[in-house]
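**Q** Any chance you can model this:
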Amino acid sequence: MKDLSGGGSGTPRFRRRKQSNEIPAEVTRPNGGSLLVDDHNKYRSMWIRTYSTLWMIGGFIFLIYMGHLYICAMVVVIQILMAKELFSLLIKVREDRSLPGFRLLNWHFFFTAMLFLYGRFLSQRLVNTVNSDKVLYKLVSSLIKYHMVVCYFLYIAGFMWFILSLKKKMYKYQFGQYAWTHMILIVVFTQSSFTVANIFEGMFWFLLPASLIVINDIAAYLCGFFFGRTPLIKLSPKKTWEGFIGASVATIISAFLLANVMGRFEWLTCPRKDLSTGWLHCDPGPMFKPEYYDFPGWISIWSPWKGISIMPVQWHALCLGLFCSIIAPFGGFFASGFKRAFKIKDFGDSIPGHGGMTDRMDCQMVMAVFAYIYYQSFVKPQSYFSVETVVDQILMNLTFEEQLDLYRRLAEILQERSFGQS
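**A** Presented below is the predicted three-dimensional model:
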């Protein structure tokens with residue numbers, strides 16, 4: 001009998017075709033050799049990755065030019081694609097067929113969380129957008145006032161939907177899906193939603209951290225590709241110390257230089273106070289105004305320059321670059337361990353050469369949270385009773401008639417004080 005496996009005689013064997021998302025067998029190299037396999041697929045993979053990266057960078061620049069709302073729309077699309085990839089990891093076809101409509105429950109919780117978080121981040125911007133129209137203003141004010149109630153009852157509706165859908169002999173699978181959905185919302189969606197908050201605080205605080213992650217990723221890949229010898233971590237066999245160190249140096253230098261370039265554009269530094277798409281004009285504040293530093297005498301003798309102009313925000317950029325170099329890569333390591341636990345190579349195949357959307361966003365999520373916390377803690381003015389804050393609260397919480405009454409009372413108080421001082 002002919003051996004179907006191509007070898008000697010015996011019991012017929014059939015080759016099983018490897019699925020695209022399975023982890024391929026690891027190829028070892030002698031000590032001192034590059035960790036990346038030296039075959040014809042090596043450079044082909046690199047060119048595919050480079051081509052798709054250029055497309056992503058080009059599309060990203062176009063969206064930056066279009067404005068804040070378009071960037072937010074991009075974030076929403078990314079979150080939906082990530083959720084789709086992660087929801088599908090634990091799907092069992094046979095069990096899902098026995099539970100018609102159960103898959104919609106995941107998306108119910110997803111969009112409820114989206115409504116809650118974006119409502120919290122963007123409520124004041126929405127009020128500022130419609131405050132010129134009395135009818136819309138009242139409608140939006142009412143929606144914001146009862147925003148938490150609406151979100152809570154939407155969640156409770158999903159909770160009741162889940163309980164009523166419980167089916168005998170399917171309890172373990174259904175509760176596993178319920179827990180998995182909430183983990184996705186907490187670990188993935190909540191973290192990535194901080195990106196939207198960063199965008200409206202000033203696109204600088206979104207664009208710089210996101211760019212640093214891209215630079216770090218590219219530098220780590222190139223340094224590891226050409227110089228990688230020493231393995232960094234077992235979770236990611238292709239990560240090397242040479243790539244890690246080279247990427248860290250490149251990222252920190254890039255952070256300092258990019259902050260100077262981006263800090264010169266009002267379009268990137270001005271916060272967006274509403275949901276419009278027009279061009280921004282504002283006083284950039286002292287953070288983005290260059291300060292001149294004189295070189296020491298022994299340097300100025302040999303240098304044609306006597307000093308250097310540095311924006312204060314560039315020192316903050318160094319902190320972002322340091323975090324991006326040392327801490328943010330652990331988001332990628334976490335994702336690598338996660339994929340190994342599920343025995344998959346990538347979360348998806350939506351980006352040629354890169355895998356799924358989740359594969360590209362693992363470090364971005366960690367960086368977005370840090371950038372938000374850093375900005376709120378060390379950069380944003382901490383005056384809780386500034387004129388802008390008080391006005392925002394008045395517009396958000398008082399009706400138009402109450403605002404007019406407050407205006408009249410303030411006019412009377414100020415008039416009395418002016419008479420008392422004269």
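**Q** I'd like the average pLDDT over stretch 129-143.
**A** Across stretch 129-143, pLDDT averages out at 82.
**Q** got a list of contacts for it?
**A** Contact with stretch 129-143 is made by Leu126, Val127, Val150, Asp274, Leu275, Ser276, Leu395, Met396, Thr399, Phe400, as judged by CB atoms under 8 Å, 6 or more residues apart in numbering. For glycine as for every other residue, the C-beta is placed from the backbone atoms N, C-alpha and C.
**Q** and that stretch, how far out from the chain's middle?
**A** Remark: stretch 129-143 is offset 30 Å from the chain centroid, using CA atoms, centre = their mean, to the nearest Å.
**Q** For it, list every residue counted as buried.
**A** Going by neighbour count (16 or more other CB atoms under 10 Å), the buried part of stretch 129-143 is Thr129, Val130, Asn131, Tyr137, Val140, Ser141.
**Q** Give me the three-state assignment for the first one.
**A** With DSSP: H, G, I helix; E, B strand; the rest coil as the basis, Thr129 sits in helix.
**Q** filter the contacts of stretch 129-143 to the buried ones?
**A** Taking 16+ other CB under 10 Å as the criterion, what is buried in those is Leu126, Val127, Asp274, Leu275, Leu395, Met396.
**Q** can you list the weak-confidence ranges in this structure?
**A** Along the chain, the model assigns pLDDT under 70 to residues 1-43, 298, 300, 353-354, 382-386, 388-389, 392, 396, 420-422.
**Q** need the strands for it, in chain order.
**A** Per DSSP state E, the chain carries strands over the ranges 231-233, 236-240, 291-294, 307-310.
**Q** what's the closest of these to Phe342?
**A** With CB to CB as the measure, strand 236-240 is the member of those nearest Phe342 (15.3 Å).
**Q** For that closest one, which outside residues touch it?
**A** 26, 35-36, 220, 223-224, 227-233, 332-333, 336.
**Q** Show me the chain divided up by domain.
**A** 40-382, 383-417 (automatic domain parsing).
**Q** which of those domains sits most buried?
**A** Highest mean neighbour count of the domains of the chain: domain 40-382, a mean of 17 (counted as mean count of other CB atoms under 10 Å).
**Q** picking that back up, tell me which of the strands of the chain lies nearest to Gly158.
**A** In terms of CB to CB, the element of these nearest to Gly158 is strand 236-240, at 36.1 Å.
**Q** All the helices of the stretch 251-400 of the chain, residue numbers only.
**A** Along the stretch 251-400 of the chain, the stretches classed as helices by DSSP state H, counting those that start in this stretch are 266-269, 297-302, 312-326, 329-341, 357-374, 387-397, 400-421.
**Q** Quickly note the distance from His281 to Val261.
**A** Separation of His281 from Val261 (CB to CB, to the nearest Å) stands at 19 Å.
**Q** Phi and psi next, for Ala328.
**A** phi -60, psi -40 (degrees, to the nearest 10).
**Q** Just confirm it contacts Val369, I think it does.
**A** No. Ala328 lies out of contact with Val369 (CB atoms under 8 Å); the separation is 10.1 Å.
**Q** Next, show the common contact partners of the two.
**A** Common contacts of Ala328 and Val369 (CB under 8 Å, 6+ apart): none found.
**Q** Please name the residues that touch Glu201.
**A** Glu201 neighbours (CB under 8 Å, 6+ apart): Pro271, Tyr375, Lys380.
**Q** Helices of the stretch 1-150 of the chain, start to end?
**A** With helices called from DSSP H, counting those that start in this stretch, the stretch 1-150 of the chain shows them at 40-66, 68-87, 93-97, 103-130, 134-145, 147-165.
**Q** closest to Ala250 out of those helices?
**A** Smallest distance to Ala250 across the helices of the stretch 1-150 of the chain (CB to CB): 15.6 Å, for helix 40-66.
**Q** Give me the angle between the closest one and helix 357-374.
**A** Relative orientation of helix 40-66 and helix 357-374, computed by axes from the mean of the first three to the mean of the last three CA atoms, to 10 degrees: 50 degrees.
**Q** just how off-centre is helix 40-66 within its chain?
**A** 18 Å.
**Q** And it, what does it pack against?
**A** For helix 40-66, the packing partners by 3 or more CB pairs under 8 Å, 6 or more residues apart in numbering; DSSP states H and E come out as helix 68-87, helix 204-227.
**Q** helices or strands up against the shortest one?
**A** Helices and strands in packing contact with helix 68-87 are listed as helix 40-66, helix 103-130, helix 171-183, helix 190-201, helix 357-374; criterion 3+ CB pairs under 8 Å, 6+ apart.
**Q** how about a cut-off of 10 Å?
**A** With contacts taken as 3 or more CB pairs under 10 Å, 6 or more residues apart in numbering; DSSP states H and E, helix 68-87 sits against helix 40-66, helix 103-130, helix 171-183, helix 190-201, helix 204-227, helix 357-374.
**Q** Turn these into JSON lines, including distance to Phe347.
**A** As requested, the helices and strands packed on helix 68-87 are exported to JSON lines (distance: least, CB to CB, whole Å):
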{"stretch": "helix 40-66", "distance to Phe347": "16"}
{"stretch": "helix 103-130", "distance to Phe347": "16"}
{"stretch": "helix 171-183", "distance to Phe347": "14"}
{"stretch": "helix 190-201", "distance to Phe347": "14"}
{"stretch": "helix 204-227", "distance to Phe347": "16"}
{"stretch": "helix 357-374", "distance to Phe347": "4"}
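**Q** closest to Ser88 out of the strands of the chain?
**A** strand 236-240 (22.8 Å).
**Q** what lines up beside that closest one in the sheet?
**A** strand 231-233 (antiparallel) (DSSP bridges).
**Q** So what touches the strand it pairs with?
**A** Under the criterion CB atoms under 10 Å, 6 or more residues apart in numbering, residues 35, 220, 224, 237-245, 329-330, 332-333, 336-337 lie in contact with strand 231-233.
**Q** how far is that strand from where the chain is centred?
**A** On CA atoms, centre = their mean, the centre of strand 231-233 falls 26 Å from the chain's centre.
**Q** so who does the residue lying closest to Gly176 once chain neighbours are set aside touch?
**A** Of all residues not flanking Gly176 in the chain, Leu90 sits nearest, at 6.7 Å (CB to CB, 6 or more residues apart in numbering). For Leu90, the contact set (CB under 10 Å, 6+ apart) comprises Tyr173, Gly176, Gln177, Ala179, Trp180, Thr181, Phe342.
**Q** and which of those is nearest Ser254?
**A** Nearest to Ser254 among the contacts of Leu90, counting by CB to CB, is Phe342 at 33.6 Å.
**Q** residues touching the nearest residue to that closest one once chain neighbours are set aside, list them.
**A** Ranked by CB to CB, 6+ apart and with sequence neighbours excluded, the top spatial neighbour of Phe342 is Leu89, at 5.9 Å. Residues in contact with Leu89 (CB under 10 Å, 6+ apart) are Asn21, Trp180, Ile184, Phe338, Lys339, Phe342, Ile344, Phe347, Gly348, Thr358.
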